[in-house]
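Q: sequence first, then the predicted structure:
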Amino acid sequence: MAEQRDFDVIVIGAGLGGLLSAAQFLRRGQRVVVVERLAHPGGRFTAKTFQGAQVSTGAVHMLPFGTNGELAGMLRALGMPHRIHDSEVFASFHVRGKQYVCQSLAQLLGVLGPRQFGELVRLGGPIFLGKPTPEERTMSFAAWLERRMSRARSPELYAYFERLAHFALSVDLTDITYPEVCEITKNMLRYGPPGIVDGGCAALTGELERRVTEGGGELRLLHDVLAIEHDGAAVRGVRVRDKQSGDETLLCAPLVISNIGPQMTKTLTGMSAPADAPTVAISDGGVGHRRHEASGLKVHLLSDVSIIPHKGIMYCLDTERIAGIVQPSNSDRRLAPPGKHLLITHQILRSDDMNAEREAARADLRRLFGEAFGTKIRILTMSQYRGEWPVNRVAQGEDVTPGTDLAGLYLVGDAVKPSGYLMVEGVAQSVNSLLDLLDGPQAGSARPAHTPRKPPRARALHWLVRPPTPHAGA
């Protein structure tokens, strides 16, 4: 018979959502065990040292909302030591063979020119201030744009919208609804610039791992989850197997938190497909086929020279594939070997031919860097992802809720991110949503206890002339 162990909370998956959840429940004095099938925690938000560089497993060492975002807020609430280097600019843009650095939205005038900038202002009004009509609620952003602007007449403006979706969401404009773009835009402007975490994402998840183990939590690496045990109405625990010894253990708890996505979670319960699986239908308006899944190719490069003169993102408007580039070693020189700079590019996948996708990336790198590519700038690694693992288990805007059909079984992670929240900010918010669901609203208030208030909408106006200031406690 399998050994049996009793806990208050079982967390499946030691990615960022799982580690944050474990830290929150340990903070409440509960007995917590985290089960992870890999030999290391962190999931897509960690890194491995390769040739002296911190090669990220999924993320680009970046927090989309910087020190003002939900992840930074949760780290502060947990008392986690961290430092985030916020971007001091709105962004930069590589177009017409030149890089333009913009301190504010107003400086996009120099990137787009007067006519296209005027179109951006005209489109920005309904995106930021308007309310989607019933027809627009299921309309893809590509279809919405198609009715309001000409891609042929305004190629840089269209590329601006497209590259934002490719870099931040790993989907095309046909794969995201207009209302979701509105919510994302509002959040990006309200919260402020993205930031690079000091020490990279591995330092952050390393601190979380220490918090869990030093706080009395148990972290079982190299353990496969064989089944989520239940009686048909409520969860009872999780049956796991040690991948090294082959020993099986029944972990019992009234609360199981899954950080491995809704599909795999349901599979482990042995039940039918989830009733709360994403069913959002996005109208493409005739503009093209939807792929229905996020995918991407990420390239790490080492450079002898600095390419990006700031801590933010350089969006590439004159490339075929690469959407954007970050140079995280601007924030922390330890992310690259001495005398080198670390660059990370990102693009979505447009085919199943990975050789063609990689060659398209190389062609863009030659276009961007000329003779320096292959001499002063060289490829360190190329990695691709798509589908169910290790990220983007649910496309942006088609997310599920934390609850499941089984009492005591809940979901966290990227598939549970609320509307308008990107990447790790959405993961942190999924944990807030879980805690709100478990605890209910604050006494005398309709607002849940854990989900923070968003920054005021007026704060976004700072971006017209200068970036907003970071959180005072950062």
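A: Thanks, I have the structure now. Residues are numbered from 1 along each chain as shown.
Q: residues touching the helix or strand hosting residue 384, excluding its own?
A: Using DSSP states H and E, residue 384 falls within strand 377-386. With CB atoms under 8 Å, 6 or more residues apart in numbering as the test, strand 377-386 has contacts from 44, 50-51, 53, 55, 58, 293-305, 307, 343, 349, 354, 357-358, 361-362, 365, 369, 391-392. Where C-beta positions appear, they are placed from N, C-alpha and C, glycine not excepted.
Q: just the ones of these in strands?
A: Members of the contacts of strand 377-386 lying in strands (criterion: DSSP state E): 50, 53, 55, 295-303, 343.
Q: pLDDT and distance to residue 136 added to those, as TSV?
A: Converted to TSV, these look like this (pLDDT from 0 to 100; distance: CB to CB, whole Å):
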residue	pLDDT	distance to residue 136
50	95	45
53	97	44
55	96	41
295	85	26
296	90	27
297	94	32
298	96	32
299	97	36
300	98	39
301	98	40
302	98	45
303	98	43
343	98	38
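Q: nearest to residue 63 among those residues?
A: Nearest to residue 63, judged by CB to CB, of the ones in strands among the contacts of strand 377-386 is residue 298 at 17.0 Å.
Q: from memory the closest one sits against residue 343, does it?
A: No. Taking contacts as CB atoms under 8 Å, residue 298 lies outside contact range of residue 343: 11.0 Å.
Q: more neighbours: those two, which one.
A: Between residue 298 and residue 343, residue 343 has the larger neighbour count (other CB atoms under 10 Å), namely 27 against 21.
Q: from residue 360, how far off is the residue nearest to the more buried one when sequence neighbours are not counted?
A: Nearest non-adjacent residue to residue 343, counting by CB to CB, 6 or more residues apart in numbering: residue 301, 4.3 Å away. Distance of residue 301 to residue 360, given as CB to CB, to the nearest Å: 15 Å.
Q: more neighbours: the two, which one.
A: It is residue 301, of residue 301 and residue 360, that has more neighbours when counted by other CB under 10 Å, with 23 against 20.
Q: got the CA positions of the strand holding residue 384 in PDB?
A: The C-alpha coordinates for strand 377-386 follow below in PDB (Å, rounded to 0.1, in the frame of the first residue of the first chain):
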ATOM      1  CA  ILE A 377      26.200  39.600 -32.000                       C
ATOM      2  CA  ARG A 378      25.700  35.900 -31.800                       C
ATOM      3  CA  ILE A 379      22.900  33.500 -31.100                       C
ATOM      4  CA  LEU A 380      23.100  31.800 -27.700                       C
ATOM      5  CA  THR A 381      19.900  29.700 -27.700                       C
ATOM      6  CA  MET A 382      16.600  29.400 -29.600                       C
ATOM      7  CA  SER A 383      13.500  27.900 -28.000                       C
ATOM      8  CA  GLN A 384       9.900  27.600 -29.000                       C
ATOM      9  CA  TYR A 385       6.700  26.900 -27.200                       C
ATOM     10  CA  ARG A 386       3.100  26.300 -28.200                       C
END
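Q: which SSE is immediately downstream of it?
A: strand 409-411.
Q: farthest pair within the ones in strands among the contacts of strand 377-386?
A: Checking the ones in strands among the contacts of strand 377-386 with CB to CB, the most distant pair is 295 and 303, at 26.1 Å.
Q: any stretches of the stretch 351-474 of the chain with poor pLDDT?
A: 387-398, 441-448, 457-474 (pLDDT under 70).
Q: need the helices for it, in chain order.
A: If DSSP state H, counting those that start in this stretch is used as the criterion, the helices of the stretch 351-474 of the chain fall at 354-369, 423-439.
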